[in-house]
Every structure is written in structure tokens, then in C-alpha cells.
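kindly return the folded structure for what I paste below:
(one chain, ligands or ions: 2)
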Amino acid sequence: MTDQLAVAVVGASGRMGSQACAAVEAADGLRLVGRYDVGDELGDLGGADVVVELTVPDASPDNVAHCVARGVHCVVGTTGWTPERLARLEERLAQAPSARTGGPVGVLVAPNFAIGAILMMRFAQTAARFYESVEVVELHHPQKVDAPSGTAARTASLVAAARAEAGLGDVPDATTRDELGARGALVDGIPVHSVRLRGLVAHQEVLLGGVGEMLTIRHDSFDRESFMPGVLAGVRGVADHPGLTVGLEHYLGLD
Ligand SMILES: NC(=O)C1=CN([C@@H]2O[C@H](COP(=O)(O)OP(=O)(O)OC[C@H]3O[C@@H](n4cnc5c(N)ncnc54)[C@H](OP(=O)(O)O)[C@@H]3O)[C@@H](O)[C@H]2O)C=CC1
Ligand SMILES: O=C(O)C1=N[C@H](C(=O)O)C[C@H](O)C1
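Ligands and ions are numbered 1, 2, ... in the order given. Below is the predicted model of the structure:
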């Protein structure tokens, strides 16, 4: 029993948090030691070695700071981690005490835990330099509070970086009037469109256009079960990845 990894979930009553609790309880070598939700005192986190953080963008940075200050590794699925928030977290990690399990603290911020979504982002990154046009369409359940999705924002950033590295300029677009915002949000210059529809879970298309052709890269999460192997991979791997890691791909040999 003692060599089991102790895991606490923050946001434990939520759609993702409740499934993460069940996945941890069912996993070999893991022990669920705490469930925390809004209004709960995080305190010593039940003696957890690793916290899984699945709350809301406004709460996530403080929850993660609490874990880091106590030397507890953290696997973060919550969205809203802007470059500025990530930079502040890196500063905190540089001053963090050693983790309970030995060595420096690790934090994984994973915009998406589903393997297919990680591959979709990687494929889009690879394809980006070959296409003049690219747009991202993300489609989610209507309970989602943030737009665009963390996955879409991350995809757009990765694609924009790949385009810049290849010397591509702005995506072509003759629009001069868009009072209603019909052309979507621009993330690092890439248009991102958010759909909220009853019946959906989490879906994304990356549309890449060239002369006379189009490539569509699509991923669908039909069930939140699709995120759980990634959550568990994060929990098991975070102690071996000190400091800040953004994206589960870095735990999966996709570097
Ligand atoms: N990385 C990934 O693969 C995935 C990431 N997500 C992201 O995870 C996050 C959670 O999603 P989802 O489970 O659907 O959302 P839910 O709203 O279902 O769950 C969020 C939970 O966090 C609780 N909560 C709110 N504030 C705090 C706080 N300060 N401290 C502790 N708990 C708090 C909420 O309580 P209450 O309802 O009482 O306010 C709720 O139980 C979102 O940011 C979402 O985008 C979602 C799916 C996959
Ligand atoms: O809120 C959700 O549901 C999801 N959130 C994450 C995001 O914003 O990218 C991951 C996934 O898309 C599901």
C-alpha cells in the first residue's frame, strides 16, 4: 500500500473531476486521498503526492500555486493558462520546495488529455507550412464557460509558430467589414471559431486550404472517458518531469 502514489482531485464534483476520481480509484498503483471542490480548504491536500486540477480558469492558478508551495506535483487540465499565467507559474516553480516524493516539483498543463486531440495538434503543426490558409473550428457542449477552447488556442499558437518558422505571412482574407465578428477570434493571427451545441462533448477541425485543395484534420471526443488515459499518464509521469511542461505530448515520446 505504501508505494502507491497518493492522488487528490481539485474540482472533484465536476464533469471531468468526477471521472478523474473514478479513474484514479480504478487504477493500479494509485490511491485517491482527497476530493476538493469550490469552498473547500485545500490545506495539506490529504497528503497527496500529485494533485489533478480540473476547475475553472479563474480558480486554477491559485489552486496550482497552493500545490507548488507545498511541494506537491500537479496535473492541470483546466483551461485559461495564458502565456502570462504560465510565466508566473514558472517563476513560482523556480522557488518551489522539493516535492514530497523527492526532487523538484513538476507541473503538467495539458490543454487536452485525449490522445487523438494531441495527434490532431501535432498533425496540424506538421501540415501548417504547406498551406496558405488555415482556420480552426472548435465545437463543444453548451455548458462550457470559456471560448475559444484551450485546445483551439493551443492549436492556433502551434500552427502560427510553424507558419512563422516556414516564412509564411498572414492568412489571406479580403474582409474589410466584420462588425458582428463573423470571422471569429484571432489567436496569433489564426482565425478560431467556437460552436456550442447540445449533444456535443469536445470536437475540433483544423481546416487547411491551398490552391485547388483542402485538408481537414478532425478529432472528436464523444465521451469524457477519452481523457482518462491521458490524466493517468500525467499523474504517473509528472514526478519525472520537473518544472513546467505544457502539453501531454512531451510525456508520450512525441518531442
Ligand atoms: N485538458 C483536458 O483534456 C480537458 C480539460 N477540460 C477543462 O477542465 C475544466 C473543468 O471542466 P469540466 O469538468 O467540464 O467543468 P465543471 O464545471 O463540470 O467542473 C468544474 C468543477 O470545479 C469546481 N470549482 C470551481 N471553482 C473551484 C475552486 N476555486 N476550487 C475548487 N473547485 C472549484 C466546480 O464547482 P461548482 O460547479 O460548484 O462551481 C466544479 O465542480 C475546464 O477548464 C475545461 O475546459 C475539460 C475536459 C478535458
Ligand atoms: O470544457 C471542455 O469540455 C473541454 N475543455 C478543454 C478545452 O477547452 O480545450 C479540452 C476539451 O476540448 C474539452
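
show me which residues of the stretch 51-200 of the chain sit near ligand 1.
Applying C-beta under 6 Å from any ligand atom, we find that the stretch 51-200 of the chain lies next to ligand 1 at 54-57, 59, 63, 77-79, 110-113, 150. (Each C-beta comes from the backbone N, C-alpha and C, glycine too.)

and the residues you listed, which of them are buried?
54, 55, 63, 77, 78, 79, 110, 111, 112, 113, 150 (16 or more other C-beta atoms under 10 Å).

so which of those would you say is closest to residue 228?
Distance to residue 228, by C-beta to C-beta, is smallest for residue 113 among these, at 7.5 Å.

give me the neighbour count for residue 37.
13 (other C-beta atoms under 10 Å).

cool, the one 5 residues further on as well?
For residue 42, the count of nearby residues is 18 (other C-beta under 10 Å).

just residue 192 next, same as before
Here the number of neighbours of residue 192 (other C-beta under 10 Å) works out to 21.

show me where the stretch 1-150 of the chain has strands.
All strands of the stretch 1-150 of the chain, identified by DSSP state E, counting those that start in this stretch, fall at 5-10, 30-36, 50-53, 73-76, 106-109, 133-140.

using CSV, lay out the ones you listed together with mean pLDDT and distance to ligand 2.
Listed next are the strands of the stretch 1-150 of the chain as CSV, based on pLDDT from 0 to 100; distance: least, C-beta to the nearest ligand atom, whole Å:
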stretch, mean pLDDT, distance to ligand 2
strand 5-10, 98, 16
strand 30-36, 98, 19
strand 50-53, 98, 13
strand 73-76, 98, 11
strand 106-109, 98, 12
strand 133-140, 98, 5
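
any chance of these in TSV, with mean neighbour count and distance to residue 228 too?
Below are the strands of the stretch 1-150 of the chain laid out as TSV (neighbours: other C-beta atoms under 10 Å; distance: least, C-beta to C-beta, whole Å):
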stretch	mean neighbour count	distance to residue 228
strand 5-10	26	12
strand 30-36	20	12
strand 50-53	28	11
strand 73-76	30	12
strand 106-109	26	15
strand 133-140	21	18
